[in-house]
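In: Pasting the sequence and the predicted model now:
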Amino acid sequence: MKQSATSVFLFIMAATIVSCSSNTVGPPSEKYITGIVRNSAGNPVAGAFLNIGYRLRDQQTGGTIGGELNGPSPDTSHVTYMLGFDVRVTSHAHVMLENYVHQYIKTLFDDMVEAGENEIPFTLKDSLGRTLYSDMYSYEVTLVPLDTLQQAVTLTYNFFLLIPQHLSKNPSPFFTTDGQGRFAIPLSRLPVKDTLFFLTTGPPDTLLFEDTHRLYAFTTSWYGSTDVSTSNLIDHTITLTNSK
């Protein structure tokens, strides 16, 4: 049996988490965000990392969040979230983190838990200790009851992260440039058609992705950025002019 659940909205300087209503990822798109990354001397940069500072509009207030990612480096801020899940009876819990296209990121927990609300710590790192990129994530909780007469259950919790990964010294790759410094990010890889929602003191609020987002390119020492549109696709040049 597979059930779905929603997470709680959190806002911290280093990252943003909101619960999401996630559509099934479609087939690979033929449309791409393309460009080249160059250093300050104008030379192409092979193996540069890429990360997106998504912009989202609050449907209740009309304001926007995201775009500029100017929080502290995830390497030094030691951000830890507590991810919760409900357990009906004492069970063995296996908790696995995946990205938007269901690629394995890391195992968050694998042990016994008591009945009730449980929480496990989560840092913005993958299984190799590298800082994660901005993306829609899910953590899947498989519960095998200690009582063998009870049925196993799987719960899936979805959430969205905005991470200033370009400030990290040890980033996990979202996309990287090729040997000629070029990149091509398929639109089908981006969760821009999803609706995010969270609870406020008033009516439930929603966030929708804007058309224009900030695309960061970076190495372990330098970074640069440009705005990209998901509806007006042009070839971009990002110059790494900012030192970390």
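Out: That came through, no problem.
In: so how far is residue 156 from residue 90?
Out: According to C-beta to C-beta, to the nearest Å, residue 90 stands 21 Å off from residue 156. In this view, the C-beta of every residue, glycine as well, is placed from N, C-alpha and C.
In: for residue 145, that is, sorry about that
Out: 18 Å.
In: Could you give me the buried positions within stretch 176-194?
Out: Residues of stretch 176-194 classed as buried by neighbour count (16 or more other C-beta atoms under 10 Å): 177, 181, 183, 185, 187, 188, 189, 190, 191, 192, 194.
In: Dump those residues into CSV; add pLDDT as well.
Out: As requested, the buried residues of stretch 176-194 are exported to CSV (pLDDT from 0 to 100):
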residue, pLDDT
177, 98
181, 98
183, 98
185, 97
187, 94
188, 92
189, 94
190, 95
191, 94
192, 93
194, 89
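In: Columns distance to residue 38 and secondary structure on top of these, output as JSON lines?
Out: Shown next, in JSON lines, are the buried residues of stretch 176-194 (distance: C-beta to C-beta, whole Å; DSSP: H, G, I helix; E, B strand; the rest coil):
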{"residue": "177", "distance to residue 38": "10", "secondary structure": "coil"}
{"residue": "181", "distance to residue 38": "6", "secondary structure": "coil"}
{"residue": "183", "distance to residue 38": "12", "secondary structure": "strand"}
{"residue": "185", "distance to residue 38": "17", "secondary structure": "strand"}
{"residue": "187", "distance to residue 38": "24", "secondary structure": "helix"}
{"residue": "188", "distance to residue 38": "27", "secondary structure": "helix"}
{"residue": "189", "distance to residue 38": "23", "secondary structure": "helix"}
{"residue": "190", "distance to residue 38": "24", "secondary structure": "coil"}
{"residue": "191", "distance to residue 38": "28", "secondary structure": "coil"}
{"residue": "192", "distance to residue 38": "26", "secondary structure": "coil"}
{"residue": "194", "distance to residue 38": "32", "secondary structure": "coil"}
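In: Throw those into CSV and include distance to residue 119, thanks.
Out: As requested, these are exported to CSV (distance: C-beta to C-beta, whole Å):
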residue, distance to residue 119
177, 39
181, 43
183, 38
185, 34
187, 35
188, 33
189, 30
190, 30
191, 25
192, 30
194, 25
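In: buried sites along the host helix or strand of residue 33?
Out: Assignment of secondary structure by DSSP states H and E places residue 33 within strand 32-39. Residues of strand 32-39 classed as buried: 32, 33, 35, 36, 37, 38, 39 (neighbour count, 16+ other C-beta under 10 Å).
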